[in-house]
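Trainee: Predicted model and sequence follow; I will ask about them next.
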Amino acid sequence: MKKFSFLFILFAILFATCLLTANIIAVKIISLFGLFVPAGIIIFPLSYILGDILTEVFGYENTKTIIWLGFLANLLMVIAISIAQNFPSAPFWNNQTSFNNILGFAPRLLLASFTAFLVGSFANSFVMSKMKLLTKGRMLWTRTIGSTIIGEGLDSLIFISIAFIGVFAFTNILVLILTQWIIKSLYEIIATPLTYAIVGFLKKRENSDVYDYKANYNPFTGLIPK
C-alpha cells in the first residue's frame, strides 16, 4: 500500500475542513464591500488554493482522490445532520427551529452544492495539471490563477443556477454569479505569494514535483492509490 506523508495528509484534511466549514457558515449572508454574499466565501476559496497546491506538488491523480474524500466527508456530514434533525427533541430543549434554520439543508441546495463542488474542483485540478505541462513548470501564477478562474467560474455558475433559477430574476442570478466569481478569483490572486511559498516549501520538503504526463484524468477511475 502506498504511504502518504504527514504533510500530504495535513493538506488533505485542510481541504476537507474548508469545504465542510464553508457549507455550514454559508447559511449566513454577509455584506462584503457593499455586496451581499454567503459567508462561505470567507473560506471556500481556500479549498481551490489547496487544490492547486496538491495538484502542483503531488499531481492530478492524488488530488482526484482528495476531491472525492472531501465530497464523501461532506455527504457524511449532511447525513448525520439530517438524522439528528429528525430525532425527537428532549422536552427541555427548545432550539429545534434554530437548529433547522442553521443546519437544515434543502434538497435543491444540496444538489447545487454537490454538483458545483465536483465540477469546479475537478476542472480546477485538470486545468492546473494541463497548464503545468504546457508551461513546462514555469510561471506558476498563470496556472493557479487560470485554473481558479475556470474552476470557480463553473462552481459559481452551476451552484447559483441550480439553486436560484425560478426563485430570482435572471438579472439577479447573473449578478450573483459574476459577484462570486470575481471575489473568489481575486482571493486567489491576492493569495498568490502565499501559494508560491507553500508550493516551494512542499516541493523541497517532500521532494515531489509531479508532471502528469501519464495521468488518468477520468474522475471516476483510479480513486484508490495502489
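Mentor: Alright, I've got the coordinates.
Trainee: Tell me the buried residues in the lowest-mean-pLDDT helix or strand in the chain?
Mentor: When each helix and strand of the chain is scored by mean pLDDT, DSSP states H and E, strand 35-38 comes last, with a mean of 78. Residues 37, 38 are the ones in strand 35-38 that count as buried (16 or more other C-beta atoms under 10 Å). Using the backbone N, CA and C atoms, a C-beta is placed for each residue, glycine as well.
Trainee: In this structure, what residue spans correspond to helices?
Mentor: 6-25, 44-58, 60-86, 96-103, 107-134, 140-164, 170-190, 192-206 (DSSP state H).
Trainee: hey, which of those is tucked in deepest?
Mentor: helix 44-58 (a mean of 25; mean count of other C-beta atoms under 10 Å).
Trainee: Summarise which helices and strands it is packed against.
Mentor: Applying 3 or more C-beta pairs under 8 Å, 6 or more residues apart in numbering; DSSP states H and E, we find helix 44-58 packed against helix 6-25, helix 60-86, helix 107-134, helix 140-164, helix 170-190, helix 192-206.
Trainee: where in the chain is pLDDT low?
Mentor: 1-2, 225-226 (pLDDT under 70).
Trainee: hmm, back to that, go through the helices of the chain and name the closest to residue 224.
Mentor: helix 60-86 (7.2 Å; C-beta to C-beta).
Trainee: if we compare the helices and strands packed on helix 44-58, which one ends up closest to residue 101?
Mentor: It's helix 60-86; of these, that one is closest to residue 101 (C-beta to C-beta) at 10.8 Å.
Trainee: mind putting the helices and strands packed on helix 44-58 in TSV, distance to residue 95 included?
Mentor: Formatted as TSV, those follow (distance: least, C-beta to C-beta, whole Å):
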stretch	distance to residue 95
helix 6-25	16
helix 60-86	12
helix 107-134	22
helix 140-164	26
helix 170-190	30
helix 192-206	39
